[in-house]
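[1] sequence unavailable; structure follows:
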């Protein structure tokens, strides 16, 4: 009896380890979104791809930006805000170089900057900010309810810090680059800082599937 119990316990531990290895938990300070994934360097691909549910944000022309604007093209999406002093401009500069490398060769790729600071990032502010990188970049934002909707679906963390210090408050946020396929499914997550050629290779690999 003891021998059978020990064997069963050992088998349970082995199964738990196998399951634990197979499941990658992608989390950020409170967001916990488990998915089966396979990693290649700093690119994580979702298996199977995660279909996004309905959401509505608004671009700098006050036009709705939803699943419709994601379908039919590959979208590199990044969440940040214009008052960010380091990681946001660095990441957008990387996407600018990527656009130069592959964007001019294909019209089915777009670059979307999602502002998680809607109070300060008005359409005019977003437009002026993104022009520093590329006039082709799409800037979108929305109210906290809609931002929370798309953020939860993609495993994105963001949280405004205390505003008691005045207009210079910071916004904590995730710093990954997300790749959405033409069927509006989350296909890959790239950690930052990331090399342009890694992003290009990842896109090329997924497009070939």
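    Noted; the coordinates are in hand. The structure displayed is predicted, hence computed values, not measured ones.
[2] what are the ranges of the strands in this protein?
    23-28, 31-40, 43-51, 57-59, 64-65, 74-80, 109-115, 138-141, 158-160, 171-173, 177-180, 185-190 (DSSP state E).
[3] ok, residues contacting the fourth one?
    Around strand 57-59, the neighbours that count as contacts under C-beta atoms under 8 Å, 6 or more residues apart in numbering are 64-66, 114, 123, 138-142, 146-147, 150. In this view, the C-beta of every residue, glycine as well, is placed from N, C-alpha and C.
[4] please spell out the PyMOL selection for the buried subset of these.
    Of the contacts of strand 57-59, the buried ones can be selected in PyMOL as follows, counting by 16 or more other C-beta atoms under 10 Å:
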select buried, resi 65+66+114+138+139+140+141+142+146+147+150
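[5] now for the contacts of strand 57-59, which pair is the farthest apart?
    123 and 150 (18.2 Å; C-beta to C-beta).
[6] centroid-nearest residue for the chain?
    Nearest to the geometric centre of the chain sits residue 178, at 3.3 Å (C-alpha atoms, centre = their mean).
[7] that one contacts residue 76, correct?
    Yes. Under the criterion of C-beta atoms under 8 Å, residue 178 makes contact with residue 76 at 7.4 Å.
[8] overlap in contacts of the two?
    Shared contacts of residue 178 and residue 76, defined by C-beta under 8 Å, 6+ apart, are absent.
[9] lowest average confidence, helix or strand, in this structure?
    None of the helices or strands of the chain scores lower by mean pLDDT, DSSP states H and E than strand 23-28, at a mean of 37.
[10] gap between the nearest residue to residue 183 once chain neighbours are set aside and residue 185?
    Distances taken as C-beta to C-beta, 6 or more residues apart in numbering place residue 71 nearest to residue 183, at 6.7 Å, with adjacent residues excluded. Residue 71 sits 10 Å away from residue 185, going by C-beta to C-beta, to the nearest Å.
[11] got it, and residue 64?
    From residue 64 across to residue 185, the span is 20 Å (C-beta to C-beta).
[12] check residue 80 too.
    From residue 80 over to residue 185 the distance is 22 Å, taken as C-beta to C-beta.
[13] compare those two (neighbour count), which wins?
    Remark: of residue 80 and residue 185, residue 80 carries more neighbours, 22 against 16, as counted by other C-beta atoms under 10 Å.
[14] surely residue 94 meets residue 194?
    Yes. With contact defined as C-beta under 8 Å, residue 94 counts as touching residue 194 (6.3 Å).
[15] pLDDT below threshold where in the chain?
    Applying pLDDT under 70 to the chain picks out residues 1-41, 103-106, 160-167.
[16] give me the phi and psi for the closest residue in space to residue 120 that isn't next to it in sequence.
    Using C-beta to C-beta, 6+ apart and skipping residues adjacent in sequence, the residue nearest residue 120 is residue 83, 6.3 Å away. Backbone torsions of residue 83, given as degrees, to the nearest 10, read phi -90, psi 0.
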